[in-house]
Structure formats: structure tokens, C-alpha cells
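Novice: have a look at this prediction, sequence included:
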Amino acid sequence: MISFTNVSKSYEDELILKDFTFNIDKGEVAYMTGPSGAGKTTLLKLIYCAERPDRGQIVVAGWDINKLKQRTIPFLRRNVGIVFQDFRLLLNKTVFDNIALALRVHYQHPNAIREDVNAVLKEVKLSHKAKTFPQQLSGGEQQRVVIARAMVSKPTVLLADEPTGNLDVDTSQTIMNLFREINARGTTVLIATHNHDLFHGTGRRVFFLRNKNIEKEIIG
Amino acid sequence: MKIFRYAIQTVFKSLWREKWINFLTILSISIGLSLLTSFIMITLNMDSVLQRWAKNFGIVVYLDEDLNKEEENALKNRFLKDTDIVEVKYISKEEALKELHKTLGANALILEGLDENPLPSSFELRLKSSLIEPGIVKNKALQIEQMPGVDEVQYGEKWLSSLYAVSKTMKVGAMMVGGAIFIAITFITYSTIKIFFYRRKDEIETLKLLGATRSFIRLPFLLEGLIIGLLGGIISSLVIFGIYSFTSIKMVEFLPSINLVMASLPFQVYLIVPFAGAVVSVIGSFIAVGKIRY
Ligand SMILES: Nc1ncnc2c1ncn2[C@@H]1O[C@H](COP(=O)(O)OP(=O)(O)OP(=O)(O)O)[C@@H](O)[C@H]1O
Ligand SMILES: [Mg+2]
């Protein structure tokens, strides 16, 4: 579903990833961890084309990133749901509208949008907050809105960047359960996190990033 | 329709939220368009005056003294066949003398002493209006002068070239002022839409990451430009209608003959102005949004 072959990426003169190769299968849940600045976010950005590799091949859901035209990037992104590390919620829009935006870019019918957004709000247990604005929410609630937005369009790939950033253990578990459910519907999930508790005992693959590459791969 | 739904919502929100900027932009556009239209109208009116003058423009061909009737007819036929010439009028020696008598009036006595008519017979020719240009007329005159039986060709050479110069300067001026106003209107919308675009920069970045296409992102801005330009144009049409009705009524009061000169404003103008406003405004918005890169 996601495959990197000898990918190198640098910002200006600073090399972040060097000859990076890995592969995530369809329907898998995989984790990625490593020290701050190791390049986790950069790796995810390469997947949804917010950054381009200097060298190497990246294939996502059948799309060869190097052959992707500017015009076709939106169509790749519609297959990829993203939980951003910095949330990227629009502060002047309600929770409902923030989530709906992910469907509006698909030009879906308002009735279908309402239905889907309400359903996903129920899943993240935020139905009662539909009409509030992001700044009126707690960090954990905002995080759930971001997850709801990433999953509402039923993407083939879901990327989550530090989805439990500064949440308590209980909330983290709620969120991890959400990912499990998403995955159960067939979505491939890749989670970048510092929190080792997230993958501990899951039996899923975990990649440790360090020194511009994969330092080791373990089963969590 | 699907692709317009979100754009329309966004536009109406933006129109309302930024009502002052939008209002000022619409006002500026309507002022620009009104100036432009007035200017075009003035130019058209002046041009129609010049056209009227040009209609009276004729070439006089004086004939040789000893031409007989057949030779004169041959010349006449030649002129009639010439497609550049739209009117041929023959003036015989006698008619010319009568005309001279009329012009001299009381002073006609000076003609009494003549025992023979000294005036030549002539043709008065009118050219197609599209040919009334100094260079073309001059060539034509020279050409006619070469014909057998023609003594001399006369036309108001000086008058023609100054008329031509005035009309040409007017047209060039109109184009320059018109172009400048068009660019100004484009720029007005450009800067307004640019402001809106920058204000929504974060939102646009997020939209891109959610998989919005270029047209999805552009459409609200183009639509807003369209509405702004259209409203500016409609206001401008109303203003022009008011001013034009008012001035023509006043003009007729003071100068009844003005009606002959003043070109009436065709109703299409009132449709063209909003259309032009919309088009120019959309161009401005398009440039403001610029290239969208992912
Ligand atoms: N746009 C950019 N321009 C220049 N350097 C960048 C840019 N984005 C990231 N970097 C640098 O690249 C390195 C990797 O950044 P990245 O965000 O991928 O790390 P990370 O593993 O996600 O870290 P964290 O765990 O803190 O989120 C960092 O040293 C960072 O300073
Ligand atoms: Mg990061």
C-alpha cells in the first residue's frame, strides 16, 4: 500500500532521510517511532506529497509519486486521511464544518455529507459539540475532531502524526480503539508516535527511525 | 452545479463579512466603468460629427475646354463604373455660370462684360466613405488627372488632412484612455481578491491537504470577482442611464439641433457595461489567485 525504495530527502543542505526503504501492506497497522527530529513527519509528508523526495521511488495506493502531476495530487490525497501533528483545524468553522470540509472537496451532496459527518461525530463521541468552534474544545476533543475529519471520507490509507500528543492514558486508549475500528474496515494505518505504550503488546510492526534511516524493526 | 455549491456559500459569506472592502471595490469599478463609457460615448459622438462632415467631401474634376458631348459621356461612364466612386454629378458650363451668378448675387454685374462663358464644365465626385483618407484621395486625384480630357482635379486637401488628423488622434486617445481604465479596473479587483486570498491562506493550505482541486480553491475567488464586477457594471449602467438622459434633455433644451449630432445610446450598452465589468474583474481575480501549487 505504501512503499519506499531508496528514498533520500533533505531540506536545503540538511539530509533527513538517506536510502530509506520500507513497505507497508494493505490492511496493516504499522507504527513509527524515534527521537524528535528523526524525520517522522517528513516521511509522512512524502507520502501525501507535501514534500517531494530528492531521490528514490515512492508508491502510495498504486500512485507513483514521482510521476504524479500537480493536477493529480488532490486525487491521491482523497485516498489518504491525515491526522496532522498540528491539527490544522479551521478556527472560524464549527466542528461540523471542519469535518464536512473533507467531504466538500469531493463535491458530495449536502445530505450525504450531513449523514456521514453525524455518523463519524458519534464514533468519536462528539455529537454534542458539532456546533462549537475548535477553540472551545479541549486538546483531546480537538484531536478527535482531527481524527474524525481524517476518517470521514473513508480513505484507503490513514496517516496519524502523534495522535495522542498530550492526552491522558484513557483518552489515548479511546483514540487507539478508533484506529483499530478504522483498520477493521480495511484502511491501512500508519501511526507516528513517541508513546511506546501505544504499540506495546499490539503485535504490529514498529519502525524505529534514527540517523536518517530505520534503526530497527520490532513487533510491538 | 455540484462544484458551485460550496463556492457560492463561501462567496456569500465573504461578500457579507468583507462588506466594506467589497462595497468600495464595487464603487471603484462602477466609477471606472462610467468614466470609460462616457469617454467612449463622447468619442463616438465626435466621430459621428466628423463622419457627417466627411460625407460632404467631394472631388471636383474640371474638364478640358474642347471636349465634346461623347467624350464627356465616356468620362462619365468611366466614373460610374469605378466602384470607389459612389456619386457622379455633371455640372455643365452653363450651370456653373448660373451657380456663380447666384453666389455673387448683387455683384453679378462684373460678369456682364463677358461675351463668352469662361467657366469649364466639371464633374463632382463623391468617394466611398471608407476611402476618405488623405493618402488614398490624393492617389485617386492624381489618377483622375491623368485621364484624357481632364484638365484639373481639386479637393480640400488641407481640410481633409486636418479632419483626418483630428479623428485619428481622437481614436488613439480613446484607445489609450480606455486601455488605462481597463487595466485600472483589473487592478482594483486584483488587489481586493489578493487581500481575501491572503486572509484565507491557512484555510487554503488545509483545503489542499484535504484533496481540494485547483478549481475548488479558485472558484470562490473567481465567483466573488464576477459578482463584484457585475454589480459595479450594473451600478455604472444606472449612472450612465441617468447622466445620459439628463444631459440629452438639457442639451435639446439649449441646442435643439443637437439631436442631429448626438448619437443615441443603444440599449446594448447597458448590457455590455456589466458584462465588461464582470469579465475584467474575473481576469483580475484570476491573476490575483495565481498559480496554485501543491
Ligand atoms: N520545511 C522544513 N524546512 C527545513 N527543515 C525542516 C523542515 N521541516 C522539517 N525540517 C527539519 O527536518 C528534521 C526532521 O523533521 P520532522 O518534523 O520530520 O521530525 P519528526 O521526527 O517529526 O520530529 P517530532 O517528533 O518532533 O515531530 C528536523 O531537524 C527539522 O528541523
Ligand atoms: Mg513530527
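Specialist: Noted; the coordinates are in hand. Numbers count the residues shown, from 1 in each chain, chains lettered A, B, ... in the order given. Ligands and ions are numbered 1, 2, ... in the order given.
Novice: so what's the nearest residue to residue B:284 once chain neighbours are set aside up against?
Specialist: Nearest residue to residue B:284, sequence neighbours excluded (CB to CB, 6 or more residues apart in numbering or on different chains): residue B:189, at 3.3 Å. No exception for glycine: its C-beta is placed from N, CA and C like everyone else's. For residue B:189, the contact set (CB atoms under 8 Å, 6 or more residues apart in numbering or on different chains) comprises B:25, B:29, B:225, B:228, B:229, B:280, B:281, B:282, B:284, B:285, B:288.
Novice: any chance of JSON lines for these, columns distance to ligand 2?
Specialist: Shown next, in JSON lines, are those (distance: CB to the ion, whole Å):
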{"residue": "B:25", "distance to ligand 2": "42"}
{"residue": "B:29", "distance to ligand 2": "47"}
{"residue": "B:225", "distance to ligand 2": "38"}
{"residue": "B:228", "distance to ligand 2": "42"}
{"residue": "B:229", "distance to ligand 2": "44"}
{"residue": "B:280", "distance to ligand 2": "46"}
{"residue": "B:281", "distance to ligand 2": "43"}
{"residue": "B:282", "distance to ligand 2": "41"}
{"residue": "B:284", "distance to ligand 2": "40"}
{"residue": "B:285", "distance to ligand 2": "36"}
{"residue": "B:288", "distance to ligand 2": "34"}
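Novice: in helices, which of these appear?
Specialist: Secondary structure from DSSP state H places B:25, B:29, B:225, B:228, B:229, B:280, B:281, B:282, B:284, B:285, B:288 of these in helices.
Novice: which of the residues you listed lies closest to ligand 1?
Specialist: Sorting the ones in helices among the contacts of residue B:189 by how near they are to ligand 1, with CB to the nearest ligand atom, puts residue B:288 at the top with 26.0 Å.
Novice: now that closest one: how far from residue A:70?
Specialist: Using CB to CB, to the nearest Å, residue B:288 is found at 19 Å from residue A:70.
Novice: quick one, which of these two is more surrounded?
Specialist: Just comparing residue B:288 and residue A:70: by other CB atoms under 10 Å in any protein chain shown the higher neighbour count belongs to residue B:288, 22 against 12.
Novice: wait, isn't the more buried one in contact with residue B:221?
Specialist: Yes: at 7.0 Å, residue B:288 and residue B:221 qualify as touching, with contact defined as CB atoms under 8 Å.
Novice: what is in contact with these two at once?
Specialist: Common contacts of residue B:288 and residue B:221, defined by CB under 8 Å, 6+ apart, comprise B:193, B:197.
Novice: so does stretch B:191-200 get close to chain A?
Specialist: No: figure legend: stretch B:191-200 not in contact with chain A (CB under 8 Å from any CB of the partner chain); closest approach 9.4 Å.
Novice: chain center to that stretch: distance?
Specialist: 36 Å (CA atoms, centre = their mean, to the nearest Å).
Novice: contacts made by it with the rest, please.
Specialist: B:14, B:18, B:21-22, B:25, B:204, B:221, B:224-225, B:228, B:284-285, B:288-289.
Novice: how about 10 Å then?
Specialist: A:90, A:92, B:10, B:14, B:17-18, B:21-22, B:24-26, B:28-29, B:204, B:206-207, B:217-218, B:220-222, B:224-225, B:228, B:281-282, B:284-290 (CB atoms under 10 Å, 6 or more residues apart in numbering or on different chains).
Novice: show me the contacts for the residue nearest to residue B:22 when sequence neighbours are not counted.
Specialist: Distances taken as CB to CB, 6+ apart place residue B:15 nearest to residue B:22, at 5.6 Å, with adjacent residues excluded. Neighbouring residues of residue B:15 by CB under 10 Å, 6+ apart: B:21, B:22, B:23, B:26, B:223, B:224, B:227, B:228, B:231.
Novice: how about whichever strand or helix holds residue B:15: buried residues?
Specialist: Residue B:15 is part of helix B:2-17, with elements assigned from DSSP states H and E. The neighbour-count check on helix B:2-17 (16 or more other CB atoms under 10 Å in any protein chain shown) flags B:6, B:7, B:10, B:11, B:14, B:15 as buried.
Novice: report the buried residues of the helix ranked longest in chain A.
Specialist: Ranked by number of residues, the top helix in chain A under DSSP H is helix A:169-184. Within helix A:169-184, the residues that qualify as buried are A:171, A:172, A:174, A:175, A:176, A:178, A:179, A:182, A:183, counting by 16+ other CB under 10 Å.
Novice: may I ask which of the residues you listed comes out lowest in pLDDT?
Specialist: Here the lowest pLDDT out of these sits on residue A:171, with 84.
Novice: please report how far the closest residue to that one other than its chain neighbours lies from residue A:166.
Specialist: Nearest-residue entry for residue A:171: residue A:140, 4.4 Å, with adjacent residues in sequence omitted and distances by CB to CB, 6+ apart. For residue A:140, the distance to residue A:166 (CB to CB) stands at 9 Å.
Novice: next one: residue B:237
Specialist: Following CB to CB, the distance that separates residue B:237 from residue A:166 is 59 Å.
Novice: quick one, which of these two is more surrounded?
Specialist: Per other CB under 10 Å, whichever of residue B:237 and residue A:166 has more neighbours is residue B:237, with 21 against 10.
Novice: my reading is that that one lies in a helix. Confirm?
Specialist: Yes: under DSSP: H, G, I helix; E, B strand; the rest coil, residue B:237 falls within a helix.
Novice: chain A: helices as residue ranges?
Specialist: Going by DSSP H, chain A shows helices at A:40-47, A:73-77, A:95-104, A:110-123, A:139-151, A:169-184.
Novice: got JSON lines for the ones you listed, with distance to residue B:84 too?
Specialist: Shown next, in JSON lines, are the helices of chain A (distance: least, CB to CB, whole Å):
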{"stretch": "helix A:40-47", "distance to residue B:84": "74"}
{"stretch": "helix A:73-77", "distance to residue B:84": "63"}
{"stretch": "helix A:95-104", "distance to residue B:84": "66"}
{"stretch": "helix A:110-123", "distance to residue B:84": "68"}
{"stretch": "helix A:139-151", "distance to residue B:84": "76"}
{"stretch": "helix A:169-184", "distance to residue B:84": "84"}
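Novice: what about those helices, which gets the closest to ligand 1?
Specialist: Nearest of those (CB to the nearest ligand atom): helix A:40-47, 3.2 Å.
Novice: which strands or helices does the closest one pack on?
Specialist: strand A:2-11, strand A:14-24, strand A:29-33, strand A:55-60, strand A:80-83, strand A:157-161, strand A:188-192, strand A:205-210 (3 or more CB pairs under 10 Å, 6 or more residues apart in numbering or on different chains; DSSP states H and E).
Novice: is there proximity between it and ligand 1?
Specialist: Yes: judged by CB under 6 Å from any ligand atom, helix A:40-47 and ligand 1 are in contact via A:40, A:41, A:42.
Novice: JSON lines please, covering those and showing neighbour count, pLDDT and distance to residue A:218.
Specialist: Converted to JSON lines, the residues of helix A:40-47 next to ligand 1 look like this (neighbours: other CB atoms under 10 Å in any protein chain shown; pLDDT from 0 to 100; distance: CB to CB, whole Å):
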{"residue": "A:40", "neighbour count": "23", "pLDDT": "95", "distance to residue A:218": "16"}
{"residue": "A:41", "neighbour count": "20", "pLDDT": "95", "distance to residue A:218": "21"}
{"residue": "A:42", "neighbour count": "18", "pLDDT": "96", "distance to residue A:218": "22"}
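Novice: filter the residues you listed down to the ones near ligand 2?
Specialist: With CB under 5 Å from the ion as the criterion, the residues of helix A:40-47 next to ligand 1 include A:40, A:41 near ligand 2.
Novice: closest to ligand 2 out of the residues of helix A:40-47 next to ligand 1?
Specialist: residue A:41 (3.1 Å; CB to the ion).
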